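# What follows is a predicted structure for the sequence shown.
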Amino acid sequence: MTLSATLLSFPGISAEFKELYWEDLVPKGFVVPPPPIDHNGNMTQAQPNAPLVESLNGEKVKIPGFVVPLEGNGDLITEFLLVPYFGACVHVPPPPSNQIVYVIFSEGVPIDNLYDAVWVTGELSTDGWSGDIASVGYRLSGITVSAFEG
């Protein structure tokens, strides 16, 4: 599915959201390398400055992925990384920076099971973020999280 393929409306939320997939976050011609699989303990991020799709800045989007918690408590997560596959940034080195989204929920959001994929909606930014775990190309001000049924 492509960037312009689906627009979604949510009850009680006035904006329409573009349904994005991970391939929509990379510029044409950029090849995302496969996740490295080795057992030497190296967690160095490949391509921490990967190019972004600048036209996505300010867009209202919905994107699926897996949660890597950064901040919160036992009930609510306020900051997390959204990644395209389970174990990214934890069990295997981080993917390129254009394949990670830093998500902020000021009020926090419950995440029932970190093993399950979720849909996250909100406003996307190309401001990026950098932490101990990885360099991130995109930020998202979260509005909703729901189970991925795909």
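Structure's in. What do you need? Residues are numbered from 1 along each chain as shown.
# could you say what helices and strands the longest strand seen in the chain packs with?
In the chain, with assignment by DSSP state E, the single longest strand is strand 60-72. Under the contact definition 3 or more CB pairs under 8 Å, 6 or more residues apart in numbering; DSSP states H and E, strand 60-72 sits against strand 13-19, strand 77-83, strand 101-109, strand 118-125. Heads up, the C-betas are built off the backbone N, CA and C, glycines and all.
# Tell me which of those lies nearest to residue 60.
Closest of the helices and strands packed on strand 60-72 to residue 60 is strand 13-19, at 4.4 Å (criterion: CB to CB).
# any idea of the mean pLDDT in that closest one?
The average pLDDT for strand 13-19 rounds to 75.
# Return the set of buried residues in the longest strand of the chain.
By 16 or more other CB atoms under 10 Å, the buried positions in strand 60-72 come out as 60-68, 70, 72.
# now the angle between strand 77-83 and it, please.
120 degrees (axes from the mean of the first three to the mean of the last three CA atoms, to 10 degrees).
# Relative to strand 60-72, what are the paired strands and their orientations?
Strand 60-72 pairs in its sheet with strand 13-19 (parallel), strand 77-83 (antiparallel), strand 118-125 (antiparallel), by DSSP bridges.
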